[in-house]
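no sequence for this one, just the structure:
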């Protein structure tokens, strides 16, 4: 045992796994940084179809405070004048939700005020509508609901305060039923714009598909390279050497078969076995999944060829970082700056946007699929080009080594004959 421990390479599994786990902690924990975590540019819409509301003191106060009252969070508010514009933005996955002030809002609140002043007993609250992007992640939907409900409650409180002030001036009396309604003069109803069914797995299906594609690329490249390399060495020891080109070609062929198989099995399992919802055809989902698996394979194959025996130390952190920076488990707007910046430079984020568009937005190009179909193939071609360049260089090195070995063998043979 002492002799084994003196060999430096015997310690490789110990320190390499320790380094990998440390990198995972450094990547993982900042994503879930707790109470101090802040959102960045969380996209929401305020629709004011009533110009009277926008010009009223209440409306101006609400709009001016959209940016100020954030508690350290950063929201990207859009002010629109029509509900249809907000719905279109949500269908294109450009907003997580909207609060709609109806066209007759000012008239209704004025009539409500007169009802309270006149002492009516049966008073109906003025309705507003909250639109939700139900194709976003569960966390994004939860945040949108909370923020928009708070905004609706703020409007309700301002209207209530105004009516109470007028009633105090006129010393108007209220019935117990009307008094209860006065505290909540505005009511809201929530509408899910996409109308997705309940079998969306809380919006995590796109993330899980892309996650499997990423893991397949990582594990596939490492295992195929390891097994084929072992078989090649075994054949070489039995006098049947294989050229570097043949070994490489075999790895590429087996990897392609694996990627196609996984891309086919994923939709069959997700939609056939579990019946998960998808707004696009299975063939479209399969083809995009295949693009994702091939791109992740190319990325990890490139890393493997560049780093050699150190490939796993490089590939594992890259994979973990890509997964947590994708915006699948945690919305991109909730990620730390480092993860958001790095995520923009990795293909998995665009894969997730494209897959979410296919599953929940009917394959809408504006909902992320268009950008994904532009950027993901670009990554694939870039990774493939680097693979080809490294392959040609390594093949030349292998040919040179083989040629040198032949020359050495020839010299040894001539020396033996001369002797």
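Okay, I see it. Computed from a prediction, not measured in an experiment: that's the story for all the values here. Residues are numbered from 1 along each chain as shown.

point out where the stretch 101-250 of the chain drops to low pLDDT.
Residue ranges of the stretch 101-250 of the chain with pLDDT under 70: 121, 172-179, 199.

okay, strands next: where are they in it?
Here the stretch 101-250 of the chain has its strands, by DSSP state E, counting those that start in this stretch, at 126-132, 186-192.

most tightly packed of these?
Most buried of the strands of the stretch 101-250 of the chain by mean neighbour count (mean count of other CB atoms under 10 Å) is strand 126-132; its value is a mean of 20. In this view, the C-beta of every residue, glycine as well, is placed from N, C-alpha and C.

and the contacts of it?
For strand 126-132, contacts defined as CB atoms under 8 Å, 6 or more residues apart in numbering pick out 45, 83, 86-87, 90, 96-102, 105, 108-109, 112, 141, 144-145, 148-149, 152, 155, 159, 185-193.

list the neighbouring strands of that strand plus their orientation.
strand 97-101 (antiparallel), strand 186-192 (parallel) (DSSP bridges).

just how off-centre is it within its chain?
Chain-centre distance of strand 126-132: 28 Å, with CA atoms, centre = their mean, to the nearest Å.

residue ranges with poor pLDDT in the stretch 301-419 of the chain?
402-419.

now do 80
Within the stretch 301-419 of the chain, the stretches with pLDDT under 80 are 398-419.

which residues in it form helices?
311-324, 337-344, 347-360, 369-418 (DSSP state H, counting those that start in this stretch).

any idea of the angle the second one forms with helix 347-360?
Relative orientation of helix 337-344 with respect to helix 347-360: 70 degrees, computed using axes from the mean of the first three to the mean of the last three CA atoms, to 10 degrees.

tell me which residues touch residue 180, please.
No contacts exist for residue 180 under CB under 8 Å, 6+ apart.

so which residue is dead centre in the protein?
The chain has residue 327 as the residue nearest its centroid, 2.9 Å off, counting by CA atoms, centre = their mean.

in this structure it contacts residue 351, no?
No - using CB atoms under 8 Å, residue 327 is not in contact with residue 351; the gap is 10.8 Å.

give me the neighbour count for residue 50.
20 (other CB atoms under 10 Å).

same deal with residue 195?
Neighbours of residue 195 under the rule other CB under 10 Å: 7.

now it: closest residue in space that isn't a chain neighbour?
residue 134 (7.5 Å; CB to CB, 6 or more residues apart in numbering).

just to revisit the earlier point, kindly reformat the strands of the stretch 101-250 of the chain as TSV containing distance to residue 304.
Below are these laid out as TSV (distance: least, CB to CB, whole Å):
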stretch	distance to residue 304
strand 126-132	43
strand 186-192	44
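
so which of those is nearest residue 308?
strand 126-132 (49.4 Å; CB to CB).

okay, how far is it across stretch 320-336, tip to tip?
15 Å (CA to CA, to the nearest Å).

got the buried residues for that stretch?
Within stretch 320-336, the residues that count as buried by 16 or more other CB atoms under 10 Å are 320-336.

if we can go back for a sec, quick check on the residue nearest to the centre of the chain: phi, psi?
phi 90, psi 10 (degrees, to the nearest 10).

list the buried residues of stretch 256-272.
Applying 16+ other CB under 10 Å to stretch 256-272 flags 258-259, 262-263, 266-267, 270-271 as buried.

so which strand or helix has residue 79?
strand 75-80 (DSSP states H and E).

just the angle between that strand and strand 97-101, please?
Going by the same axes, to 10 degrees, strand 75-80 makes 40 degrees with strand 97-101.

gap between strand 75-80 and the chain center?
22 Å.

residue 234: neighbour count?
10.

which residues outside whichever helix or strand residue 46 is part of are in contact with it?
In this assignment (DSSP H and E), residue 46 forms part of strand 42-48. The contact list for strand 42-48 (CB under 8 Å, 6+ apart) reads 54, 59, 62-63, 66, 73-83, 85-86, 89, 94-101, 131, 143-144, 147-148, 151, 331, 333-334.

same thing but 6 Å
For strand 42-48, the external contacting residues (CB atoms under 6 Å, 6 or more residues apart in numbering) are 54, 75-80, 83, 86, 95-101, 333.

that strand: how far from the chain's middle?
That offset, for strand 42-48, works out to 21 Å (CA atoms, centre = their mean).

state the next helix or strand along the chain beyond that strand.
helix 51-55.

what sits against the nearest residue to residue 156 once chain neighbours are set aside?
Using CB to CB, 6+ apart and skipping the chain neighbours, the partner closest in space to residue 156 is residue 186 (3.6 Å). By CB under 6 Å, 6+ apart, the residues touching residue 186 are 126, 155-156, 159.

relative to residue 65, how far out is residue 186?
16 Å (CB to CB, to the nearest Å).

for residue 19, same thing?
Counting by CB to CB, the gap from residue 19 to residue 65 is 48 Å.

quick one: distance of stretch 217-230 to the chain centre.
For stretch 217-230 - counting by CA atoms, centre = their mean - the centre lies 27 Å from the chain centre.

quick check: buried residues in it?
217-218, 220-222, 224-225, 228.

do the same with stretch 189-208
191, 193-194, 196, 200-201, 203, 205-208.

cool, and stretch 331-351?
331-336, 339-340, 342-343, 346-351.

contacts for it?
Against stretch 331-351 from outside (CB under 6 Å, 6+ apart): 30, 39-42, 137, 139-140, 210, 214, 292, 295, 322, 325-327, 372, 375-376, 379.

show the end-to-end separation of that stretch, please.
15 Å.

how about stretch 330-339?
11 Å.

run the chain-centre distance for it.
10 Å.

ok so, going back, what is the nearest of the buried residues of stretch 256-272 to residue 243?
residue 258 (22.8 Å).

quick one: contacts of the host helix or strand of the closest one?
Using DSSP H and E, residue 258 sits in helix 244-267. Helix 244-267 has contacts (CB under 6 Å, 6+ apart) with 209, 216, 220, 224-225, 228, 232, 282, 285-286, 289-290, 293-294, 297, 391, 395, 398.

mind checking which of the residues you listed are buried?
209, 216, 220, 224-225, 228, 232, 285-286, 289-290, 293-294, 297, 391.

what about those, which are in helices?
209, 216, 220, 224-225, 228, 232, 285-286, 289-290, 293-294, 297, 391 (DSSP state H).

for residue 137, what are its contacts?
Counting by CB under 6 Å, 6+ apart, residue 137 has contacts 203, 331.

re the thing from before, turn the buried residues of stretch 189-208 into a markdown table, including distance to residue 365.
A markdown table is the format used below for the buried residues of stretch 189-208 (distance: CB to CB, whole Å):
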| residue | distance to residue 365 |
| --- | --- |
| 191 | 24 |
| 193 | 18 |
| 194 | 16 |
| 196 | 19 |
| 200 | 21 |
| 201 | 24 |
| 203 | 20 |
| 205 | 20 |
| 206 | 16 |
| 207 | 21 |
| 208 | 23 |
